[in-house]
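Asker: Give me the fold of what follows.
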Amino acid sequence: MSDKIAIFVSVKQQVNDINSTLAGLLSELKELRRTIDSLYAENRSLNRNIDKLLKENRELRKRLEKYEQPPKDSGNSSTPPSKEPIKAEVDRRTKSLRKKSERPVGGQSGHEGTTRKMVETPDEIQEVSSHYCMECGRDLSEVEGVLEYVTQQVDLPQIRPIYRERRFYKKVCSCGCCNRDYAPRRRGGNAIVFGKNIRAIATYLSVVQCMPYERLQSLFETMFNVRISQGTLANIVREMLEKSRPAIALIERMIKESSVVGFDESGCYTNGKLNWSWIAQTTYLTLVFRGAGR
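Answerer: You can find the predicted model right below:
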């Protein structure tokens, strides 16, 4: 009987220990839940702050885009000038890339100036003097003048066309050979042709200065008093291109053999179709060419 009572007391003690342990675990569990709830609330607050910062970051990036990545125009991309906004074109053409200097505008102190020097043998000499007295009107043609000062005027001569008639003679040798020291006349060719100076000026203004044929035609008629059709101007430029083929081939070969070459492109329209104008350049060579595609 005593043994049974002893066992009963031991089991009761174990039950009490389990209840105490469970109570402690429940208390810890509640504390953990409070900690988790607190961390959850803190995490939500941090997420809201992150969303707010991300939104501000997007807005700031959008505001900085116009400084870091300016809108594309014909100056920084392949966009043709006809496709860029008018404001972008005006800004690009009027905005200077030079940084503002602290020095005053104009010649700097201590800078040695340059003056155009007079030539020793001028082409013309004009004597300028008075022929009549400004007060009494007396004739001064017999009065010897005293040199007061000398100036020189730089000007261009009056431009007028020179019509040079060329007569071609053939000579028949006693051996019967017909000698012609000139190219045979093309069948249907015009008796009036343009000389090398006109052809050189037309090619230079068209190719280098990019002057349209219509304006080039007007310039020749207005300044040089030479009437020349746009078709003739186009033929002149085309003939000069054919004569330049060997030089162009040499430049192209030398550029291909160069270790460093710079390239650039620009869109252009030919007969309403988009073409591409390319430029390849080294330190000493430049080649400009056009292609229908990239």
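
Asker: lowest average confidence, helix or strand, in the chain?
Answerer: helix 86-94 (a mean of 68; mean pLDDT, DSSP states H and E).

Asker: I'd like the next helix or strand past that helix.
Answerer: strand 171-172 (DSSP states H and E).

Asker: what about that next one, average pLDDT?
Answerer: Per-residue pLDDT over strand 171-172 has a mean of 90.

Asker: In this structure, which helix is the longest?
Answerer: For the chain, the helix reaching the highest residue count under DSSP state H is reported as helix 2-68.

Asker: Which neighbouring elements make contact with that helix?
Answerer: Judged by 3 or more CB pairs under 8 Å, 6 or more residues apart in numbering; DSSP states H and E, helix 2-68 is in contact with no other helix or strand. C-betas here are computed from N, CA, C, even on glycine.

Asker: taking the mean pLDDT, what do you get for it?
Answerer: 77.

Asker: what's the distance between that helix and the middle of its chain?
Answerer: 65 Å (CA atoms, centre = their mean, to the nearest Å).

Asker: for stretch 123-136, same thing?
Answerer: 53 Å.

Asker: So which residues make contact with it?
Answerer: Here stretch 123-136 makes contact (CB atoms under 8 Å, 6 or more residues apart in numbering) with 138-141, 145.

Asker: same question, stretch 264-277
Answerer: With CB under 8 Å, 6+ apart, stretch 264-277 has contacts from 74, 78-80, 82, 278-279, 281, 288-294.

Asker: Could you tell me the end-to-end distance of it?
Answerer: End-to-end distance for stretch 264-277: 8 Å, by CA to CA, to the nearest Å.

Asker: buried sites along it?
Answerer: 266-267, 276 (16 or more other CB atoms under 10 Å).

Asker: What is the nearest of those residues to residue 243?
Answerer: residue 276 (25.5 Å; CB to CB).

Asker: Give me the neighbour count for residue 233.
Answerer: 24 (other CB atoms under 10 Å).

Asker: Run the chain-centre distance for the helix or strand encompassing it.
Answerer: Assessed by DSSP H and E, residue 233 sits inside helix 230-243. Centroid separation for helix 230-243 versus its chain: 27 Å, with CA atoms, centre = their mean.

Asker: repeat for stretch 256-276
Answerer: 13 Å.

Asker: before we move on, what about stretch 215-233?
Answerer: Per CA atoms, centre = their mean, the centroid offset for stretch 215-233 relative to its chain is 29 Å.

Asker: Quick one: mean pLDDT for that stretch?
Answerer: Mean predicted confidence for stretch 215-233 is 93.

Asker: Now the terminal residues of it, how far apart.
Answerer: End-to-end distance (CA to CA), stretch 215-233: 11 Å.

Asker: what do you get for stretch 119-127?
Answerer: 17 Å.

Asker: what mean pLDDT does it have?
Answerer: 90.

Asker: what comes up buried for that stretch?
Answerer: Buried residues in stretch 119-127, defined by neighbour count with 16+ other CB under 10 Å: none.

Asker: Can you show me the CA trace of stretch 153-172 as CSV?
Answerer: In CSV, the C-alpha atoms belonging to stretch 153-172 read as follows (Å, rounded to 0.1, in the frame of the first residue of the first chain):
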residue,chain,number,x,y,z
GLN,A,153,43.2,98.4,-102.0
VAL,A,154,42.7,94.6,-102.5
ASP,A,155,40.0,93.7,-105.0
LEU,A,156,39.1,91.1,-107.5
PRO,A,157,39.2,91.7,-111.3
GLN,A,158,35.9,92.0,-113.2
ILE,A,159,34.9,88.4,-114.0
ARG,A,160,33.8,87.9,-117.5
PRO,A,161,33.9,84.8,-119.7
ILE,A,162,36.7,84.3,-122.3
TYR,A,163,35.6,82.8,-125.6
ARG,A,164,38.6,81.0,-126.9
GLU,A,165,38.1,79.6,-130.4
ARG,A,166,40.1,76.4,-131.1
ARG,A,167,40.8,75.4,-134.6
PHE,A,168,41.9,71.8,-135.2
TYR,A,169,44.0,71.0,-138.2
LYS,A,170,44.8,67.6,-139.5
LYS,A,171,48.0,67.0,-141.4
VAL,A,172,48.5,64.3,-144.1
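
Asker: i'd like the first residue to be 36 from this point on
Answerer: Noted, 36 is the first residue going forward, which turns the last one into stretch 188-207.

Asker: And for that stretch, what's in contact with it?
Answerer: With contacts defined as CB under 8 Å, 6+ apart, stretch 188-207 is touched by 213-215, 217, 220, 230, 258-261.

Asker: Compute the number of surrounding residues for residue 251.
Answerer: 21.

Asker: Brilliant, that's me finished.
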